[in-house]
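Trainee: What follows is a predicted protein model with its sequence.
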Amino acid sequence: MTTTRRQFLTGVLALGAFAALPQVARAGQKRLVMIHLFGGNDGLNTVIPYSDAAYKKARPSLALQEVLPIAAGLGLHPALKPLLPLWQRGSMAIVQGVGYPEPNRSHFISTDIWQSAGAHTPDGWLGRVAASQGWDTVQVDDGSLCRALWTPPGSHSVPICVQHDQPAPAPRPAWMQSALDQLYACSDQSHLGATFAKLKNCQGEHWEGPPLSASLRAMLDLWPAGRIFHTSLGGFDTHGDQGPRQSAGLGQLAVALAEFYGELQRRAWDKETLIVVYSEFGRRVQENASQGTDHGGAAPLFLLGGKVKGGLYGEHPSLTNLVDGDLAHGHDFREVYATILEDWLGAESRIVLGREFGKIAWWA
């Protein structure tokens with residue numbers, strides 16, 4: 001039987017691993033919320049160059065004309081209408097043409113590149129910064145711990161894992177738990193023991209509503225438990241029947257984000273929160289024979305927050321000057337990361353990312 005939210009949170013905060021966490025969110029403490037649109041969201045039908053003849057030619061069945069205008073010749077997908085007030089208020093920024101050189105079209109490899117920042121290390125970019133600052137990170141999702149939150153060997157900063165809509169796992173038999181404890185205690189990589197100690201307490205809870213809305217509400221309940229939060233929304237691998245499928249996914253995103261942002265404002269947390277919405281790649285420019293699109297390259301990235309200077313950043317990628325049929329990237333995704341690290345989290349980006357990257361001035 002699913003526990004109640006109150007019972008769940010009481011139990012979680014009573015665990016030894018969580019005892020040192022603050023019970024109240026501190027005023028002025030900046031937080032980062034990352035949302036991964038898994039599957040490769042079609043950026044070209046998200047921020048739409050609806051007046052471009054090349055767009056209509058490449059997509060005879062998928063080209064959208066009913067859009068939400070945001071700039072000359074550009075509009076948002078109509079399913080994103082709940083976010084329009086945030087755009088109009090200047091609390092939402094869109095970085096166009098985000099990607100990386102020689103993009104990989106595998107969902108899992110490209111996600112790994114985004115979440116590790118392309119580093120050949122056994123950790124993720126958010127895990128690295130959390131470990132360096134002594135912060136806690138929180139994943140609210142129904143899958144395994146994402147690569148972005150993996151921490152470096154020897155780190156004492158360990159992710160907190162919560163499943164938003166699953167019943168609490170059945171306890172392991174005592175003999176199995178004892179064997180596992182001994183295994184990790186004897187490990188040469190002592191950080192594995194700390195990671196296991198926290199992840200074995202990963203419990204389920206039931207928040208009503210669609211998955212992303214439930215995840216974001218869970219984050220609000222767990223706000224004191226972390227500085228960095230991560231979740232995902234699937235359903236964006238639209239090789240066929242893309243029109244209704246992408247519309248449904250973007251609609252879920254927009255409704256969940258609008259509700260979440262409204263609650264942040266109500267609690268006066270919006271100026272202390274940065275929300276980043278990304279996908280592992282975009283889709284190809286040319287539609288396929290199944291009224292869908294295949295794996296592509298660059299795509300737009302969204303940022304929302306009370307300190308965000310809203311608007312468009314970068315030029316919309318050319319639809320005629322393509323790279324192997326894909327939109328060319330104008331911004332490396334690590335430029336976005338470098339800006340977040342340096343200007344939002346106050347961390348040294350070169351150490352986290354391995355080298356220097358340029359920054360994008362989207363702060364109000």
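Mentor: Noted; the coordinates are in hand. Quick caveat: nothing in here was measured; it's all calculated off a predicted structure.
Trainee: now the helices for the stretch 51-200 of the chain?
Mentor: Under the criterion DSSP state H, counting those that start in this stretch, helices of the stretch 51-200 of the chain are mapped to 53-58, 84-89, 107-116, 125-133, 174-185, 190-199.
Trainee: Among these, which one carries the weakest average confidence?
Mentor: Here the lowest mean pLDDT among the helices of the stretch 51-200 of the chain goes to helix 190-199, at a mean of 43.
Trainee: Give me the most central residue, the protein.
Mentor: Nearest to the mean C-alpha position of the chain, by CA atoms, centre = their mean, lies Ile35 at 2.3 Å.
Trainee: List the beta-bridge partners for that one.
Mentor: Applying DSSP bridges to Ile35 gives these bridge partners: Thr231, Val277.
Trainee: And the pLDDT for it?
Mentor: Predicted confidence (pLDDT) for Ile35: 98.
Trainee: what's the answer for the one 4 residues further on, then?
Mentor: pLDDT for Gly39: 97.
Trainee: Confirm for me that it is in contact with Leu233.
Mentor: No. In this structure Gly39 lies outside contact range of Leu233 using CB atoms under 8 Å: 9.0 Å. In this view, the C-beta of every residue, glycine as well, is placed from N, C-alpha and C.
Trainee: Check the gap between Glu348 and Val308 for me.
Mentor: 22 Å (CB to CB, to the nearest Å).
Trainee: neighbour count winner among those two?
Mentor: Neighbours per residue, other CB atoms under 10 Å: of Glu348 and Val308, the larger number sits with Val308, 23 against 13.
Trainee: State the pLDDT value of the nearest residue to that one once chain neighbours are set aside.
Mentor: Counting by CB to CB, 6 or more residues apart in numbering, the nearest residue to Val308 once its immediate chain neighbours are dropped is Ala93, at 5.1 Å. Listed pLDDT for Ala93 reads 98.
Trainee: in the stretch 151-300 of the chain, which spans are strands?
Mentor: Remark: strands assigned in the stretch 151-300 of the chain by DSSP state E, counting those that start in this stretch are 160-163, 203-204, 228-233, 273-279, 299-304.
Trainee: Relative to Leu212, which of those strands is closest?
Mentor: strand 228-233 (4.6 Å; CB to CB).
Trainee: which helices and strands does that closest one pack with?
Mentor: Judged by 3 or more CB pairs under 8 Å, 6 or more residues apart in numbering; DSSP states H and E, the packing partners of strand 228-233 are strand 31-37, helix 125-133, strand 137-140, helix 211-221, helix 242-266.
Trainee: Rounded mean pLDDT for that strand, please.
Mentor: If you average the pLDDT over strand 228-233, you get 97.
Trainee: can I get the helices and strands packed on strand 228-233 in a markdown table with distance to Gly99?
Mentor: Output for the helices and strands packed on strand 228-233, formatted as a markdown table (distance: least, CB to CB, whole Å):
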| stretch | distance to Gly99 |
| --- | --- |
| strand 31-37 | 14 |
| helix 125-133 | 16 |
| strand 137-140 | 25 |
| helix 211-221 | 24 |
| helix 242-266 | 19 |
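Trainee: Point out the most buried one among those.
Mentor: Most buried of the helices and strands packed on strand 228-233, by mean neighbour count (mean count of other CB atoms under 10 Å): strand 137-140, with a mean of 26.
Trainee: Give me the sheet partners of it and which way each runs.
Mentor: Strand 137-140 is paired, per DSSP bridges, with strand 160-163 (parallel), strand 228-233 (parallel).
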